[in-house]
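Chemist: What follows is a predicted protein model with its sequence.
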Amino acid sequence: MNVTVVLLSHSAAVARGVADLAGQMAPSATVVPVGGTPDGRLGTDADALESAVREAVSSGAEVALLVDLGSAVLTAKTVLADLDDEPVVLVDAPFLEGAVAAVVTASTGAGLAEVVAQAELARDLRKT
């Protein structure tokens, strides 16, 4: 089963930018950016997130979901509560680094558990 990486950000531009960066590193992976509110402001849209996740799952994919800031976690958890028994994992990883790791790992054909594990390892990447 393939893994789709869904990126939930408070900003549509940030979600698209991170998806573009990660996608350029692994063009065969599926990355879905979800960002901002329906009227273009900063915020998160639970309906857009649910739609993205349901579309991925209905296409046969498992979903690794990464979020940017605290209230995005609340949005994600609210949506996931309505998606009982769906193959979706909220990943505890930094948004950019975790997204890159998840997308690159997903592009290798790895399963959801491995995609999540690699994304979560990004939490410990040192920059000095």
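Modeler: Thanks, I have it. These figures come from a predicted structure and were not determined experimentally. Numbers count the residues shown, from 1 in each chain.
Chemist: hey, let's count contacts and neighbours off CA atoms from now on
Modeler: Noted.
Chemist: mind listing the strands for the protein?
Modeler: In the chain, the strands defined using DSSP state E lie at 3-9, 30-35, 62-67, 88-90.
Chemist: Buried deepest among those strands, which one?
Modeler: strand 3-9 (a mean of 29; mean count of other CA atoms under 10 Å).
Chemist: And that one, what does it pack against?
Modeler: When contacts are defined as 3 or more CA pairs under 8 Å, 6 or more residues apart in numbering; DSSP states H and E, strand 3-9 packs onto helix 12-25, strand 30-35, helix 46-58, strand 62-67, helix 95-107.
Chemist: and the angle from the longest one to strand 30-35?
Modeler: Here helix 12-25 runs at 170 degrees with respect to strand 30-35, directions being taken by axes from the mean of the first three to the mean of the last three CA atoms, to 10 degrees.
Chemist: other SSEs contacting the helix or strand bottoming out on mean pLDDT in the chain?
Modeler: Within the chain, no helix or strand scores below helix 70-81, which has a mean of 94 by mean pLDDT, DSSP states H and E. With contacts taken as 3+ CA pairs under 8 Å, 6+ apart, helix 70-81 sits against helix 46-58, strand 88-90.
Chemist: Look at the spatially closest residue to A101 that is not a sequence neighbour and say how many residues are nearby.
Modeler: Among residues not flanking A101 along the chain, A119 sits closest, at 5.0 Å (CA to CA, 6 or more residues apart in numbering). Neighbours of A119 under the rule other CA atoms under 10 Å: 27.
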